[in-house]
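> need coordinates for the below:
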Amino acid sequence: MTFGEVKYPEIEVQLVGLDGNAFSIMARVAEALKRGGVAKDEIEAYYAESTSGDYDHLLRTAMRWVNCS
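Residues are numbered from 1 along each chain as shown. Predicted coordinates for the structure are as follows:
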């Protein structure tokens, strides 16, 4: 994956206008990954990456993994 490339571009997650709590964001992205057929170990990797930094890192991670609106 190169810089700026979304890992799962076919998966869409709405973030704008919804609860901005970090756990809520991670849950929405993880649920979308699950619905998109992504393997459990990949979803666990998403969680690990999301929680390895601050709130801005969590948002950037979500945007690297799925299309966010």
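> can we go C-alpha only for contacts and neighbour counts from here?
Will do.
> I'd like to know which elements the lengthiest strand in the chain is packed against.
Secondary structure assigned by DSSP state E gives strand 8-13 as the longest strand of the chain. Where contact means 3 or more Cα pairs under 8 Å, 6 or more residues apart in numbering; DSSP states H and E, strand 8-13 is packed against helix 22-35, strand 66-68.
> go again using 6 Å as the cut-off
Strand 8-13 sits against strand 66-68, with contacts defined as 3 or more Cα pairs under 6 Å, 6 or more residues apart in numbering; DSSP states H and E.
> okay, now the sheet partners of the strand it packs on, with direction.
Strand pairing for strand 66-68, using DSSP bridges, gives strand 8-13 (parallel).
> measure the residue most central in space within the chain to E44 for me?
The C-alpha lying nearest the average C-alpha coordinate of the chain belongs to A62 (Cα atoms, centre = their mean; 3.0 Å). Distance from A62 to E44, counting by Cα to Cα, to the nearest Å: 13 Å.
> before we move on, what about Y55?
For Y55, the distance to E44 equals 18 Å [Cα to Cα].
> what's the mean pLDDT across stretch 33-47?
Mean pLDDT, stretch 33-47: 98.
> end-to-end on that stretch?
So stretch 33-47: terminal residues 11 Å apart, Cα to Cα.
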